[in-house]
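A.B. asks: my questions concern the predicted model and sequence given below.
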Amino acid sequence: MQQKEYEKLVKAKSPKSKVILPLIKAFFVGGAICTLGQGIREIGEKCLSLDEQAAGCFTSVCLIFLSALFTGLGLYDELGKFAGAGSIVPITGFANSVVSPAMEFKREGYVMGVGAKMFNVAGPVLVYGISASVLYGVIYWLVLLIGGKL
């Protein structure tokens with residue numbers, strides 16, 4: 001079989017990938033999560049009289065709590081199956097990545113199961129995120145030092 005014949009056979013036998021519908025689902029679910037976050041922020045500012053920074057913290061805590069709760073109830077997995085990448089809006093996706101391994105290994109106990117496995121997925125994100133922020137801070141400090149603003 002020649003290369004061209006093989007490519008033609010592969011193209012004929014390969015399933016057509018569906019791109020448009022998953023993109024639409026991801027867009028709307030991700031947008032809905034962000035809209036929920038904005039709604040929580042507005043409630044914090046207008047109903048609870050929180051200042052801008054406190055309302056941001058309130059929003060983060062609420063979204064993390066809801067994500068962890070929905071992960072524990074098995075609803076976040078269903079949302080992920082439906083929406084794909086749209087369900088992995090950074091703060092809710094991160095909370096899901098911490099809670100999922102904890103739920104999976106809870107039968108091994110709180111120390112060796114939940115405690116040890118909780119950061120399997122999120123651990124590298126934390127390590128590289130913190131390392132990148134420290135590096136950014138040092139570079140920022142050096143730029144200010146060299147620029148004579150310190």
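C.D. replies: All right, it came through fine.
A.B. asks: from here on, just use CA atoms for contacts and neighbour counts.
C.D. replies: Fine.
A.B. asks: in the protein, where is pLDDT below threshold?
C.D. replies: 1, 106-107, 110-119, 121-122, 149-150 (pLDDT under 70).
A.B. asks: helix/strand/coil for the most centrally placed residue in it?
C.D. replies: For the chain, the residue nearest the mean C-alpha position is residue 93 (2.6 Å; CA atoms, centre = their mean). Put simply, residue 93 is helix when judged by DSSP: H, G, I helix; E, B strand; the rest coil.
A.B. asks: tell me how far it lies from residue 145.
C.D. replies: 37 Å (CA to CA, to the nearest Å).
A.B. asks: likewise residue 2?
C.D. replies: Taken as CA to CA, the span from residue 2 to residue 145 is 64 Å.
A.B. asks: higher neighbour count, the two?
C.D. replies: residue 145 (11 against 6; other CA atoms under 10 Å).
A.B. asks: name the helix or strand for the more buried one, please.
C.D. replies: helix 122-146 (DSSP states H and E).
A.B. asks: so which elements touch that helix?
C.D. replies: helix 90-104 (3 or more CA pairs under 8 Å, 6 or more residues apart in numbering; DSSP states H and E).
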